[in-house]
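In: Okay, predicted coordinates and the sequence, questions at the end:
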Amino acid sequence: MSIPGRAIKKISQIPISFWGMFVKEWKVLITRKKYLYLSIALPLILGIIYIFTLSTSMRGISLGVCDFDNTQTTHNALNSMSDFDVQIITDNNCSDILRENVRSGKFLFGIIIPEGFSSRLEDLQQSRLEVLYDNTDAGTSSMVSWRIDSALSPFQQEIVKVFATEIKTQSQQVSEGTEIIVETTDSLLIPKSIRNKALEVQNQIDTLANLDPQFVATPINVAKVGVFESHSSLALGLAPLFVILNLFLVLMLSSTGVISDKKMKMFSRLRASNSSPWVYVISKIVFFFLISLAQFVIIFILFLIFKANITINFIPMIKAVLLISLINSLIGFLIGLLSDNEGVALLISLVITLPAMFLSGMFFPVKLLPKGLQIISNILPVQVEMISLKEAVLFNSSVANMFFLIPLGLFIATLYFLKRQN
Amino acid sequence: MKWLKFKTKRRKPLQAKNIDFSYGAKEVLSNFNFQITNSQIVAIVGRSGEGKSTFLHLVAGTLTKKFGGRICISGFSRNFSKEDIGFVPQEISLIQDISIKDNIIFFGSLNGLSKTKSLSSAQELLNILQLDKISLNRFPSELSGGQKVRLNIVVSLLHKPKLYILDEPFVGLDFKNRKLLWHFLEQEKRRHKTIMLTTHMLSEAQLHCDRIVLLHKGKVYTQGKFEDIKKKLKTHFILELEFPYLSKTNQQHIENYCKEHEITILDLFGRHMMLSVINPGQKAYLIKFIQKLNVDCYEVGFREPSLDELFLKVDTI
């Protein structure tokens, strides 16, 4: 066959080769059922979580209010917030009680309406409103900026409606006064009462003239105040950042490490040797703890360089890092032990880590999620990890020993599956 | 104390009694009994799937499934005798990402050896297995297939066990490397080590092993020296015949004759026929019968069988 003939033959064979390769990929996917199921499960789980988190409503969210103004205006406005579970605190030290309740998590938000709130609005002056929130909760903090405004919108609308009427009334009065002045301009003797009226009108016109431009733009200035005043927003990021970083890195490393050991028949060697499976697991745990500790030190130093307000107390921090690395590395072991190869391990890791990240409370406050997702979120160890490190970094408090039952359970499960591995 | 030493010396390196093992519904070993005495090389042979490797893995304790029966190594249960076993798996289980030296240290540590002990023990084995010229800083991935197999053996025997268990150690080795490995095993036998291995290199096993154990249908079919196996299988001679032409009918006649006269057709491919006969007289009668059929045939060979050929007989049982 000539060279052009061979070239034509070669080109004509491309579709056959392509089809052969394509079919092979498909058959492999069908045969390796875990790939197929996980490929379908991942977008499904993430999609459901995303839809639920986006459609979170404020219904049933507990809101504490200190109404120092205590006027009809504020009463009407608070009544308009029917979606919330509004609880008005009437004690003398209302601010302190409200602050404490937001800190403890009893209220997701607290609203302080200062005295003279309504009168300032009557004078067409901008009024200030304080919204208290837990600034150490990453999810609530990130939500405050975009959620609180929309949540308070019925309140603001009610207020603005009242004062729009007020402006209208005042304008009508000005108009009336102006009419009288116009009517009496022709008369020679101007009575005293008319002069007074003219002065009153003058004052009202002055009020309008002194209208606060900020009032027009935003009649109510909503001040978002974190209840933990001493913590800068920079410091708040340390816990979620480290937890997510560790979750991805340690989980993937430990799962693929186990797969690689499985491939080189490490478990057979282990069983034939004088060593024990638990020694193998503990050696890996210690290794991943040291990696985690190194990661934490790097992030910690970085945060300190950028002047994050972090309490330095090593024991609680190391304890929290230990808990996090234990949980993540042991979950990784289990994934590795239950997966046939690196591909499946990676997919299972993603199926666990991505939803865990969404449900950890980092992006959305857990309390705003539907009940079912709240339960899942509370079961997921990522939330425990976040709470532990947050407590250690921001509040200098140690992880409760009870939390170490989670890695203990995972350790037992790992040993169980390790002993069953061939 | 003297009595204790005496008892320890007399303990058999391996005793397996009434072993039952199955993979799901498939029974692999059934009422399997086996024992080895000190300083022997024992080859376990049999067709693929007969349970050779399974038995080795059961002895080494690498299988996680439960089994019936009892395995004692040096008189102890498996859990207390791991230090006496050196298991060499068929797969090369070296860590490719770390150097040979680090592999040696790691595998030594699995049996509680310090870095120094592991390296000194390895040096001895590396010398015997002619790997001493290779730099320990190299990586396993840089070694040839034969070198990898030998290194795999080295890292498995660092703790100087009494019983060597080698699962198909000759797979992928050329003749020179196989020879080297057999010499190593014979040397270790002289150093009072007991060696149990599985292999398909039957002719070599016949030459180097003290005992051959033939597995069939999950049981020990026969064992002993080559002569014992020959006797048990009633295969003292091998006859090879070549037919210029053999019709289906004549082939059937010959097959029937063989069946009636305890002659086994070991192999029939095209015009070539291999038969097992008990004595030369049987051969003479068979040739006469073929001539009576007016079938042309040439005798290609008449000789004593090798273990490979004996093995063909097992298939016909």
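Out: Alright, I've got the coordinates.
In: Show me the shaky parts of chain B.
Out: Along chain B, the parts satisfying pLDDT under 70 run over B:1-10, B:317.
In: Mind listing the residues bridging to the spatially most central residue of it?
Out: Central residue of chain B (CA atoms, centre = their mean): B:T198, 2.8 Å from the mean position. Taking DSSP bridges as the rule, B:T198 bridges to B:I44, B:D167.
In: Residue 194: neighbour count?
Out: Just going to use chain A. 16 (other CB atoms under 10 Å in any protein chain shown). Any C-beta I mention is one placed from the backbone N, CA and C, and that applies to glycine too.
In: look at chain B instead
Out: The number of residues packed near B:T194 is 25, by other CB under 10 Å.
In: is it in a bridge, and if so with what?
Out: Beta-bridge partners, per DSSP bridges, of B:T194: B:L163.
In: list the contacts for it?
Out: B:13-14, B:36-40, B:42, B:162-164 (CB atoms under 8 Å, 6 or more residues apart in numbering or on different chains).
In: Narrow these to those that are buried.
Out: Listed as buried from the contacts of B:T194 are B:13-14, B:36, B:38-39, B:42, B:162-164; burial here means 16 or more other CB atoms under 10 Å in any protein chain shown.
In: so the residue nearest to the centre of chain B sits right up against B:T54, yeah?
Out: No: look at B:T198 against B:T54 with CB atoms under 8 Å: they stay out of range, at 9.9 Å.
In: Need the phi and psi values for the closest residue to chain A within the stretch 151-300 of chain B.
Out: For the stretch 151-300 of chain B and chain A, the shortest gap (CB to the nearest CB) falls at B:H159, measuring 7.5 Å. The phi/psi pair for B:H159 (degrees, to the nearest 10) reads phi -90, psi 10.
In: Check the spacing between A:K307 and chain B real quick.
Out: 41 Å (CB to the nearest CB, to the nearest Å).
In: and that residue, how many neighbours?
Out: For A:K307, using other CB under 10 Å, the count is 10.
In: what are the phi and psi angles of it?
Out: phi 60, psi 40.
In: which ones are touching residue 244?
Out: Just so you know, I chose chain A. So A:I244 contacts A:357, A:360, A:362 (CB under 8 Å, 6+ apart).
In: Chain B was what I was after
Out: B:271, B:296-298.
In: Most widely separated two among the buried ones among the contacts of B:T194?
Out: Maximum pairwise distance among these (CB to CB): 13.8 Å, between B:V42 and B:K162.
In: tell me which parts of chain A are close to chain B?
Out: A:264-275, A:419-422 (CB under 8 Å from any CB of the partner chain).
In: give me that answer again for 7 Å
Out: A:264-266, A:268-275, A:419-422 (CB under 7 Å from any CB of the partner chain).
In: which of these sit farthest apart?
Out: It's A:N274 and A:R420 that sit farthest apart of the residues of chain A next to chain B, by CB to CB, at 20.8 Å.
In: okay, these two: which has more neighbours?
Out: A:N274 (19 against 11).
In: Just the buried residues of the biggest helix by length in chain B, please?
Out: Ranked by number of residues, the top helix in chain B under DSSP state H is helix B:175-190. Neighbour counts over helix B:175-190 (16+ other CB under 10 Å) mark B:177-178, B:180-182, B:184-185, B:188-189 as buried.
In: Now the residues you listed in JSON lines, please, with extra columns for distance to A:I88.
Out: Shown next, in JSON lines, are the buried residues of helix B:175-190 (distance: CB to CB, whole Å):
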{"residue": "B:N177", "distance to A:I88": "89"}
{"residue": "B:R178", "distance to A:I88": "91"}
{"residue": "B:L180", "distance to A:I88": "91"}
{"residue": "B:L181", "distance to A:I88": "88"}
{"residue": "B:W182", "distance to A:I88": "93"}
{"residue": "B:F184", "distance to A:I88": "89"}
{"residue": "B:L185", "distance to A:I88": "90"}
{"residue": "B:E188", "distance to A:I88": "89"}
{"residue": "B:K189", "distance to A:I88": "93"}
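In: Quick check, pLDDT for A:L346.
Out: Looking at A:L346, its pLDDT is 87.
In: Might you report the residue contacts of it?
Out: A:M252 (CB atoms under 7 Å, 6 or more residues apart in numbering or on different chains).
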